[in-house]
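>>> Please find the sequence and the predicted model below.
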Amino acid sequence: MAYSVVVNGKPMTADVDADTPVLWVLRDSFGLTGTKFGCGIAMCGACTVHVNGEARRSCVTPVASIGSARIGTIEALDRSAVGKALQRAWLELEVVQCGYCQSGQLMSAAALLSANPAPSDGDIDAVMSGNICRCGTYGRIRAGIKHAATQLASAKPARARERDR
């Protein structure tokens, strides 16, 4: 059956079974390979995407459940101020080691900062605990999230001043 979904702002259609996980629709039907397969049971977080802005494990989300929701993937993360800040922080702090889990880490972090622009260590740990990093870069991931939050907070007054002109 054909399923029409909006991915990164673009309407797309895939001819797949209703129970096909969004992960495989993204990778196999649409060629968006930034979202990774890790465990297939929603335990590692490598497959994290945004569904209407909320982090969701795409490996266990059937395409039929998406309906009119909007899917955001790592390929479009830089379209938001939060995504850009996180990507900058990841580079500046050299967060990545092997990189396999990082698309899921970044997508979870972006959903966190979008909902909570000033997270505590506990907030970060609670949200990010569902993302496994085989290289153990958890400290650098937390530092990257805090760095991005600080950068976003300091940029906010400048954006407000520009808007008021």
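Great, that's in hand. Remember, it's a predicted structure, so these values are computed and weren't measured experimentally.

>>> Okay, and the most centrally placed residue in the chain sits in which element?
The centroid of the chain falls nearest to residue 107 when counting by C-alpha atoms, centre = their mean (1.4 Å). Assigned by DSSP states H and E, residue 107 falls within helix 102-115.

>>> could you pull out the strands for the chain?
2-7, 10-15, 48-51, 54-57, 70-72 (DSSP state E).

>>> So which bits of the top helix by length along the chain are buried?
Determined from DSSP state H, the single longest helix within the chain is helix 138-164. The neighbour-count check on helix 138-164 (16 or more other C-beta atoms under 10 Å) flags 138, 140-149, 151-152 as buried. All C-beta spots, glycine's among them, are computed from the backbone N, C-alpha and C.

>>> from these, which is closest to residue 111?
Comparing those against residue 111 with C-beta to C-beta places residue 145 closest, at 11.2 Å.

>>> My read is that the closest one contacts residue 124, right?
Yes. Counting by C-beta atoms under 8 Å, residue 124 is a contact partner of residue 145 at 5.4 Å.

>>> who touches both of the two?
Jointly contacting residue 145 and residue 124 under the rule C-beta atoms under 8 Å, 6 or more residues apart in numbering are residue 112.

>>> Can you give the domain ranges for this protein?
Domain assignment for the chain by automatic domain parsing gives 2-75, 80-160.

>>> follow-up on the earlier one: isn't the residue nearest to the centre of the chain up against residue 77?
Yes. Using C-beta under 8 Å, residue 107 makes contact with residue 77 at a distance of 7.1 Å.

>>> Okay then, goodbye and thanks.
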